[in-house]
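> when you get a sec, could you give me coordinates for this:
(chains A and B)
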Amino acid sequence: KAGVTQTPRYLIKTRGQQVTLSCSPISGHRSVSWYQQTPGQGLQFLFEYFSETQRNKGNFPGRFSGRQFSNSRSEMNVSTLELGDSALYLCASSLAGGKNIQYFGAGTRLSVL
Amino acid sequence: GNSVTQMEGPVTLSEEAFLTINCTYTATGYPSLFWYVQYPGEGLQLLLKATKADDKGSNKGFEATYRKETTSFHLEKGSVQVSDSAVYFCALIQFSGGYNKLIFGAGTRLAVHP
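Take a look at the predicted model:
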């Protein structure tokens, strides 16, 4: 069974631009969560989607948004990029949320210049 | 709020040494507890888990026991290898009405030398 796939693996953008990251969950998984990893703040929860609905959101500005499609694939968008948005963005999928185990993708490393 | 505290790294050991990475948590209710490992340039891999008090999670020689009385979930391995060099994250899952949010510790870097 294929794991969680994130694309692209690396991105370089400049301040003010916007970016879209993609996540394909494990087949059969309906919950997708996004996390931001930085050296200073560690791993922080961004949001979770289940059945195309955002169920939970972390403490991030509105520039960070996401969506989930009917096939459970998810995208995350960051608008008006800032230097501080440089990070590893990790996607995790689980069967249905709750206490189900979350399985992570390899991440997308975003560099904002 | 819920939180996870890990011992600061880096932890540097010689091959075949005993490993302990301390993890304590603060949580309401009865969270599930996890250890994830991150190898250089990769995402997180689940190492082991425990879902209730006194449960022992184990995998690849690593073990951790869910201790509710001390709110701890320390990671141990009897004999580390160079290939165990990675960053280890302790985490709990905050579960409320179906919400699914992992809360991580800061991570502990382990370096194992031959």
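> helix or strand next in line after the lowest-mean-pLDDT helix or strand in chain B, which one?
Taking mean pLDDT, DSSP states H and E as the measure, chain B has strand B:99-104 as its least confident helix or strand, at a mean of 80. Scanning the chain past strand B:99-104 towards its C-terminal end, the next helix or strand to appear is strand B:108-113 (assignment: DSSP states H and E).
> list of residues touching that following strand?
Applying Cβ atoms under 8 Å, 6 or more residues apart in numbering or on different chains, the external contacts of strand B:108-113 come out as B:6-15, B:17, B:19, B:21, B:80-89. No exception for glycine: its C-beta is placed from N, CA and C like everyone else's.
> mind listing what's buried in that strand?
Residues of strand B:108-113 classed as buried under the neighbour-count rule (16 or more other Cβ atoms under 10 Å in any protein chain shown) are B:108, B:110, B:112.
> the first one bridge partners, please.
Beta-bridge pairing of residue B:108 under DSSP bridges involves residue B:88.
> then the last one?
When bridges are taken as DSSP bridges, the partners of residue B:112 come out as residue B:13.
> where does chain A dip in pLDDT?
Scanning chain A for pLDDT under 70 picks out the ranges A:1.
> looking at it, which residue is nearest chain B?
Proximity of chain A to chain B (Cβ to the nearest Cβ) peaks at residue A:97, 3.6 Å away.
> residue A:61 versus that residue, what's the distance?
24 Å (Cβ to Cβ, to the nearest Å).
> neighbour-wise, which of those two wins?
Taking other Cβ atoms under 10 Å in any protein chain shown, residue A:97 and residue A:61 do not tie; residue A:97 has more neighbours (25 against 11).
> show me what contacts the residue nearest to residue B:59 when sequence neighbours are not counted?
In this structure, residue B:59 finds its nearest non-sequential neighbour in residue B:48, 4.5 Å apart by Cβ to Cβ, 6 or more residues apart in numbering or on different chains. Neighbouring residues of residue B:48 by Cβ under 8 Å, 6+ apart: B:34, B:35, B:57, B:58, B:59, B:62, B:63, B:64.
> partner residues bridging residue B:48?
With DSSP bridges applied, the residues forming beta bridges to residue B:48 are residue B:35.
> off-centre distance for stretch B:59-78?
Mean-position distance between stretch B:59-78 and its chain equals 7 Å (Cα atoms, centre = their mean, to the nearest Å).
> buried stuff in it?
Within stretch B:59-78, the residues scored as buried using 16+ other Cβ under 10 Å are B:62, B:63, B:64, B:65, B:66, B:67, B:71, B:72, B:73, B:74, B:75, B:77.
> kindly report the same for stretch A:67-87.
By neighbour count on 16+ other Cβ under 10 Å, the buried set for stretch A:67-87 is A:68, A:72, A:73, A:74, A:75, A:76, A:78, A:81, A:85, A:86, A:87.
> can I get the CA coordinates of that stretch in PDB?
Extracted in PDB, the C-alpha atoms of stretch A:67-87 (Å, rounded to 0.1, in the frame of the first residue of the first chain):
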ATOM      1  CA  ARG A  67      -9.100  22.100   1.300                       C
ATOM      2  CA  GLN A  68      -9.800  18.500   0.800                       C
ATOM      3  CA  PHE A  69     -11.300  16.900  -2.300                       C
ATOM      4  CA  SER A  70     -13.800  14.000  -2.500                       C
ATOM      5  CA  ASN A  71     -11.000  11.500  -3.100                       C
ATOM      6  CA  SER A  72      -9.400  12.700   0.300                       C
ATOM      7  CA  ARG A  73      -6.500  14.400  -1.400                       C
ATOM      8  CA  SER A  74      -5.700  17.700   0.300                       C
ATOM      9  CA  GLU A  75      -4.000  20.900  -0.700                       C
ATOM     10  CA  MET A  76      -2.600  23.600   1.500                       C
ATOM     11  CA  ASN A  77      -2.200  27.200   0.300                       C
ATOM     12  CA  VAL A  78      -0.200  30.000   1.800                       C
ATOM     13  CA  SER A  79      -0.800  33.500   0.400                       C
ATOM     14  CA  THR A  80       1.400  36.600   0.600                       C
ATOM     15  CA  LEU A  81       4.400  34.600   1.700                       C
ATOM     16  CA  GLU A  82       6.700  35.900   4.500                       C
ATOM     17  CA  LEU A  83      10.300  35.000   5.300                       C
ATOM     18  CA  GLY A  84       9.000  33.300   8.400                       C
ATOM     19  CA  ASP A  85       7.000  30.900   6.400                       C
ATOM     20  CA  SER A  86      10.100  29.000   5.400                       C
ATOM     21  CA  ALA A  87       9.600  25.600   6.900                       C
END
